[in-house]
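A.B. asks: one predicted model, sequence on top.
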Amino acid sequence: MTKQEALPLRIAFAVLALGALLLQLILIPQAGDSYAGRFPEAEYLAFPYAAGITVGLIGFEVALVAAWQLVSAVLTERSLDSPTVAWTNVMAASLAFMAAVFAGVCAHALFWTKFGGPAILFGFFVSLALIAGIFAVRHGIRDWLENATDDGAHQ
């Protein structure tokens, strides 16, 4: 991987991190207040759900930092050393944490409080599928690291 190839990835990581920060600081609290106003019987859940989603997004941001480190590792051709493999584990664990928190919020809304509808059910199943797929993707990332290093050695 060249620096020119890594630049769009890093720009995408920065945009995603900014979007997650905007979600955490602005959109999630506003949505919680809006739903609390529309559903006063569930107003007490606005803060815990918003807090849960915000904490879950921290897992996404940690995964972005790990992805940034993986791109840096490929650029310096240290793809499969121990710290790099550790970053793949950090990324997988933080995404699994995010998905588990989201699944927990959705499960609480669906099964405990009996609030929520098709969108919450969909979110619950997507979160569970994400948890299942994350560790398979981790192996794909390791293969990508191997191939990126091999490509760099041949150039």
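C.D. replies: Received it, and whenever you're ready, just let me know what you need.
A.B. asks: next, the buried residues of the helix or strand of the chain with the lowest mean pLDDT.
C.D. replies: Ranking every helix and strand in the chain by mean pLDDT, DSSP states H and E puts helix 118-154 at the bottom, with a mean of 81. Across helix 118-154, burial judged by 16 or more other CB atoms under 10 Å covers 120, 123-124, 127-128, 130-131, 134, 138, 141-142, 144-145, 148-149. No exception for glycine: its C-beta is placed from N, CA and C like everyone else's.
A.B. asks: other residues contacting stretch 94-108?
C.D. replies: With contacts defined as CB atoms under 8 Å, 6 or more residues apart in numbering, stretch 94-108 is touched by 49, 52-53, 55-60, 62-63, 66, 116, 120-121, 123-124, 127-128, 130-131, 134-135.
A.B. asks: residue contacts, the most centrally placed residue in the chain?
C.D. replies: Residue closest to the mean C-alpha point of the chain, counted by CA atoms, centre = their mean, is residue 60 at 2.9 Å. By CB under 8 Å, 6+ apart, residue 60 lies in contact with 16, 20, 94, 95, 98.
A.B. asks: next, it: secondary structure please.
C.D. replies: For residue 60, the assignment made with DSSP: H, G, I helix; E, B strand; the rest coil gives helix.
A.B. asks: show me where this structure has its helices.
C.D. replies: With DSSP state H as the criterion, the chain has helices at 3-22, 28-38, 46-75, 82-107, 118-154.
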